[in-house]
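> Sequence isn't available, so here's the structure alone:
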């Protein structure tokens, strides 16, 4: 019965023109990319954008593809960090294809977790209230209306918010102020030869040329060719950078001459530049022609990836029928060398330059992906490649579900988050393509571990409910989607939606003989009964579910959670012996398999049992470890339950001659209260789960003055999640945080044991 969790922020990647960028960790609040290539020129535009941001709350940087909108916006945002004490944050809109998911993408980017059934907009407005921050919405042209709606709604609700948008088109909404970004200056037709005299476009070419050929230098001989080349490319940064990539095969003079011939054919000999969009398309087209047949084919096939991809994904999706698997590495290396494919940076939660534990990742820039997709469609391969893409990410989901039970849960969460954009794309394909409905149900249901264990309850229900609406056929895939829907709805506190889904799953399982689905449906019905203050009914259903699990030989995190839920139900009913028996079994199995997710809840329940037995010190140790583990998963429900129990434990002496600390108890209650708002309401309307909180409140109201009761609670409510966890672990307390016993309460292979 875990609450929502997230392993950390998702990573994007950086491109030549900055239209998509990496998001490694950085000090201080906010998430902005670390620049991996030099920033050239744009000082006037940076100044203008800074003035716009200082005077207006919604600013859009607009211009054609490849002109450098994202790089400018992100550089300006980084410079403005000091004006926003609550951070500058990047929301990558380009990979989001459904406007209904835009709010979820914003929550994810802002590292905000919510376990309720509220709309993302409502959650954003509440959790960002009173904060001063800058939100960068990057790559909004395909969702301009949805981005406008989100930006306006947030700006109305949050006086301390400013929004910076990049888009090829304006949002066309009230209050929007535009900065129309022009290409880089190209200078006169025949400039002087000194390197320092090169205009910004030429300086950009020289900078990127040195990345291709470290010995490259601007000389009196080639400076004129560089300037002419940049002029013919209209100073479009992406076009300039692509041209620099051609230096592996051609000299500057050769590039200039051949590009001149090509442009003269298009303009009928007119020396004036082409319109920007034709210039960029021509440049991309020549990059395409400079590729071999196999490289072109791979470029087109890679366009099916919505976000980044690794070598294994490219091998599965793109090889065969013209691309030999044994040649893929060489082909991919060539596309990287030609600046068509980008080798991207740090994974989520890691700093720039830190090696990924999941291997090297790549991506296509949005502009180059669009070109590749057009080629894929022209070749008649799009549907076949989309199905292979779907198959790969169905495999990712399936393998993630398997690996979720074991010591690699945190890694599984991070790895799944890394491919979130492509999971969305695969699900969208299944929902849109006739005949794929059952696979949509299977995939959405299989990802239950991601929706539940990684803080995506709202998005999970979005996909599950869409899939269920498409196909009523009573299949195993539908049954799985039904119990997964009931599970996510229960954790959101939406029992009115959870119960019909679970009942339908149970009826279908009985009618079709699907024993596995029956076990899961009954289990989740027991969970719903438990939080709805029906402990006797919960006991009956959970015992039945565990009987079904044993009968079919099922053992995984769900089974361990059923054991935890049954154990805590017995404790709530005063049957300590039965409760501790089940909880001891949970602990044994978690330690045997290295399971951490259910383990954190088992520790909470064991701490509760120790408190019932008057054993305050061991209860505190177990509850603190539960907080620590739940914090690793950012599991808000688990954190709140354990902090509320720690608050109650503060009211009691831990040993002879000691006294409780009612003030610290009230601080912890305030900290838990702030987190509660993001957790499904039934948990804290429940007489059972809310028991420690109410008991602590009664003791503190009796032992503190009215002012102390109010002031210390207010102190707790000012703590953010990380500060609340630090406080609960002993930070700021006279006892100090102190190291927790290692092997005593950590499962082998779990966090802290590597």
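That came in fine, so what should we check first? Since the structure is predicted, the reported quantities are computational estimates derived from the model, not experimental observations.
> Let's test this: mean pLDDT of stretch 112-119, rounded?
In this model, stretch 112-119 has an average pLDDT of 83.
> could you check the distance from residue 120 over to residue 424?
Between residue 120 and residue 424 the computed distance is 15 Å (CB to CB, to the nearest Å). For the C-beta atoms, the positions are set from N, CA and C on the backbone; glycine is no exception.
> for this protein, what helix or strand is lowest in average pLDDT?
helix 742-745 (a mean of 32; mean pLDDT, DSSP states H and E).
> Show me the strands in the chain, by range?
For the chain, the strands defined by DSSP state E occupy 30-31, 58-62, 88-92, 133-138, 161-167, 176-180, 309-310, 341-343, 361-364.
> Kindly provide the distance from the nearest residue to residue 91 once chain neighbours are set aside to residue 527.
Spatial nearest neighbour of residue 91, excluding adjacent residues (CB to CB, 6 or more residues apart in numbering): residue 109 at 4.3 Å. In this view, residue 109 and residue 527 are 31 Å apart by CB to CB.
> ditto for residue 671
As judged by CB to CB, residue 671 and residue 527 stand 26 Å apart.
> The two: which has the busier surroundings?
More crowded of residue 671 and residue 527, by other CB atoms under 10 Å: residue 671, with 30 against 25.
> what's near enough to touch the more buried one?
643, 716-717, 719, 723-724, 727-728 (CB atoms under 8 Å, 6 or more residues apart in numbering).
> Make a markdown table out of those residues and add pLDDT and neighbour count.
Below are the contacts of residue 671 laid out as a markdown table (pLDDT from 0 to 100; neighbours: other CB atoms under 10 Å):
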| residue | pLDDT | neighbour count |
| --- | --- | --- |
| 643 | 96 | 30 |
| 716 | 93 | 23 |
| 717 | 91 | 15 |
| 719 | 90 | 21 |
| 723 | 91 | 15 |
| 724 | 93 | 27 |
| 727 | 94 | 23 |
| 728 | 95 | 29 |
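> Run a quick neighbour tally on the closest residue to residue 107 other than its chain neighbours.
Distances taken as CB to CB, 6+ apart place residue 120 nearest to residue 107, at 5.4 Å, with adjacent residues excluded. Residues lying near residue 120 (other CB under 10 Å) number 21.
> Please parse this protein into its domains.
Per automatic domain parsing, the structural domains of the chain span 30-180, 385-597, 624-745.
> quick one, which of those domains is nearest to residue 207?
domain 30-180 (5.1 Å; CB to CB).
> Buried residues, stretch 428-446. List them.
Neighbour counts over stretch 428-446 (16 or more other CB atoms under 10 Å) mark 428-431, 436-446 as buried.
> so of the residues you listed, which ones are in helices?
Of the buried residues of stretch 428-446, the ones assigned to helices by DSSP state H are 428-431, 437-446.
> Next up, the contacts around residue 626.
So residue 626 contacts 600-601, 603-604, 607, 638, 641-642 (CB under 8 Å, 6+ apart).
> Out of the residues you listed, which is nearest to residue 508?
residue 601 (28.8 Å).
> Is it correct that that closest one is in contact with residue 638?
Yes - Residue 601 is in contact with residue 638 according to CB atoms under 8 Å; the separation is 6.0 Å.
> who's more crowded, those two?
More crowded of residue 601 and residue 638, by other CB under 10 Å: residue 601, with 30 against 26.
> ok, and the closest non-adjacent residue to the more buried one?
residue 564 is the one closest to residue 601 (CB to CB, 6+ apart), at 4.9 Å.
> surely the residue nearest to residue 107 meets residue 458?
Yes - if you go by CB under 8 Å, residue 120 and residue 458 touch, sitting 6.5 Å apart.
> joint contacts of the two?
Residues touching both residue 120 and residue 458 by CB under 8 Å, 6+ apart: 104, 114.
> How much space separates residue 711 from residue 723?
17 Å.
> So what's the residue count around residue 112?
Other residues close to residue 112 by other CB under 10 Å number 18.
> now do residue 344
For residue 344, using other CB under 10 Å, the count is 23.
> what comes up buried for stretch 520-538?
For stretch 520-538, by 16+ other CB under 10 Å, it's 520-535, 537-538.
> Repeat that for stretch 303-323.
Buried residues in stretch 303-323 (16+ other CB under 10 Å): 303-310, 313-319, 323.
> Among those, give me the pair with the biggest separation.
Pairwise over the buried residues of stretch 303-323, using CB to CB, the maximum falls at 307 and 323, 20.9 Å.
> Sweet, I'm off.
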